[in-house]
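Engineer: when you get a sec, could you give me coordinates for this:
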Amino acid sequence: MPVNPNGISVTSPFGITDVSVTHIGEFSIFGERGLKEFTFSSFFPASYHSSYCEFVNISKAPVYVKKLEEWRDKKRPIRLIVTGTSINFPVTIRDFTLEYERGGEMGDIYYTLTLKEYQWQKARDSVDLATAKAMSKSEQKSSTRPEKLNKDNKSNKTYTIKSGDSLSKVFGKNWRKVYEANKKVIGANPNVIKAGQKLVIPA
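Structural biologist: Numbering: from 1, shown residues only. As a prediction, the model looks like this:
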């Protein structure tokens, strides 16, 4: 940065939840440490001034704004390094607030920048996450439509009735065969079945 900020605010949250239980009182449940958040403010000067600029060959103020916006829009982490401190983290840009020409200072651009620590995912974690998402989609797909009797797959020995089901809808042409095998469960009327009834599917 061409002009160093006066200070940098670092927030390091902890996942602690306070729970109140009747007749026991309040106690704390410890979770995981949250990601650090860094906030600082300064300005991009319109031109070099020896009293506050860190180096001579500074760029025009809009150049720094454009570069930060490019980094943000690429949706990739950048690295925050504050020399002389232990701050050296990959971060993402969370907020970039600009104020132009404060107090008539032509060409100067003031800013407040908020960055948040980025945690790299290991390859295994990424694979597990992708697998979990695929399994979730598969489960959602199977739960939204009834399982029908498949002549080539006799591994399904039972079927649990869902709301909106009918024997003909679920079992097609085989509905009468299924009904005969489950008369005690269904009752005298094959058109009246209830959600939650577990039917045996004959081979």
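
Engineer: quick one, what contacts F27?
Structural biologist: Counting by CB atoms under 8 Å, 6 or more residues apart in numbering, F27 makes contact with D18, V19, V21. C-beta: built from backbone N, CA, C; applies to glycine.

Engineer: now these as JSON lines including distance to W120, pLDDT and secondary structure?
Structural biologist: Below are the contacts of F27 laid out as JSON lines (distance: CB to CB, whole Å; pLDDT from 0 to 100; DSSP: H, G, I helix; E, B strand; the rest coil):
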{"residue": "D18", "distance to W120": "31", "pLDDT": "79", "secondary structure": "strand"}
{"residue": "V19", "distance to W120": "32", "pLDDT": "77", "secondary structure": "strand"}
{"residue": "V21", "distance to W120": "38", "pLDDT": "77", "secondary structure": "strand"}
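
Engineer: of those residues, closest to K116?
Structural biologist: Among the contacts of F27, D18 lies closest to K116 (CB to CB), at 24.3 Å.

Engineer: picking that back up, pull out the buried residues from the contacts of F27.
Structural biologist: Not one of the contacts of F27 meets the buried threshold, by 16 or more other CB atoms under 10 Å.

Engineer: is it possible to export the residues you listed to TSV including distance to T92?
Structural biologist: Formatted as TSV, those follow (distance: CB to CB, whole Å):
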residue	distance to T92
D18	29
V19	31
V21	38
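
Engineer: now the element after the worst-scoring helix or strand of the chain on mean pLDDT, going C-ward?
Structural biologist: Lowest on mean pLDDT, DSSP states H and E among the helices and strands of the chain sits helix 123-143, with a mean of 61. Scanning forward in sequence from helix 123-143 by DSSP states H and E, the next helix or strand is strand 158-160.

Engineer: give me the contact list for that following strand.
Structural biologist: Strand 158-160 is contacted from outside by E147, V170, G196, Q197, K198, L199, V200, I201, using CB under 8 Å, 6+ apart.

Engineer: burial count for the nearest residue to S12 once chain neighbours are set aside?
Structural biologist: In space, not counting the residues next to it along the chain, S12 is nearest to K36; the distance is 5.0 Å by CB to CB, 6 or more residues apart in numbering. For K36, the count of nearby residues is 16 (other CB atoms under 10 Å).

Engineer: quick check, K36 in contact with T11.
Structural biologist: Yes: K36 lies in contact with T11 (CB atoms under 8 Å); the separation is 6.7 Å.

Engineer: domain assignment for this structure?
Structural biologist: Per automatic domain parsing, the structural domains of the chain span 9-120, 141-200.
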